[in-house]
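Student: The amino acid sequence is not available; the structure is as follows:
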């Protein structure tokens with residue numbers, strides 16, 4: 001479920017009512033892409049953010065318990081290669097759970113810059129529904145959406 005209202009998205013695109021299902025799917029994708037780029041989740045309001053954060057302790061505990069069970073199962077494996085692989089899977093699952101928790105813990109309330117970036121990304125997805133451009137000269141456009149999102153990005157990596 002997207003944070004940005006479908007009515008705003010439809011108006012931004014000047015889309016026809018028949019396109020609403022497509023626009024909703026692309027809006028969800030644009031928001032998810034923005035959240036992945038930011039390494040954090042965003043929410044409609046402070047109440048929604050607080051509710052998401054309230055579930056973190058239980059989620060973290062479940063992740064730790066699942067990791068402990070996976071490690072115990074891996075330790076019981078007789079084959080060294082399989083045991084190492086299972087331990088790596090357990091470590092990765094715990095790291096992924098912690099990454100999700102961090103993205104919620106560092107979550108933020110939707111602001112105009114993030115909304116504009118999502119709508120720009122949505123416009124790109126809506127206008128360019130194929131990966132290939134035919135019959136014209138392709139030109140790379142600067143990604144203004146990334147420039148709008150950059151001040152809010154955390155843990156950028158290399």
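Tutor: The structure has been received and is ready for your questions. Remember, predicted model here, so these are calculated numbers, not experimental data. Residues are numbered from 1 along each chain as shown.

Student: Tell me where this structure has helices.
Tutor: For the chain, applying DSSP state H gives helices covering 6-13, 20-38, 46-54, 56-75, 80-105, 112-127, 144-149.

Student: ok and the second one relative to helix 112-127, angle-wise?
Tutor: Note on geometry: by axes from the mean of the first three to the mean of the last three C-alpha atoms, to 10 degrees, helix 20-38 and helix 112-127 are set 130 degrees apart in direction.

Student: same thing with the longest one?
Tutor: Using the same axes, to 10 degrees, the direction of helix 80-105 lies 120 degrees away from that of helix 112-127.

Student: Same question for helix 80-105: list its buried residues.
Tutor: Burial within helix 80-105, assessed by neighbour count using 16 or more other C-beta atoms under 10 Å, is assigned to 86-87, 90, 94, 97-98, 101-104. Bear in mind the C-beta positions are built from the backbone N, C-alpha and C, glycine included.

Student: That helix: how far from the chain's middle?
Tutor: What separates the centre of helix 80-105 from the centre of its chain is 18 Å, taken as C-alpha atoms, centre = their mean, to the nearest Å.

Student: sorry, back to before: rebuild the buried residues of helix 80-105 as CSV, extending it with pLDDT and distance to residue 45.
Tutor: Below are the buried residues of helix 80-105 laid out as CSV (pLDDT from 0 to 100; distance: C-beta to C-beta, whole Å):
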residue, pLDDT, distance to residue 45
86, 97, 42
87, 97, 41
90, 97, 37
94, 97, 31
97, 97, 26
98, 96, 26
101, 97, 21
102, 97, 21
103, 97, 18
104, 98, 15
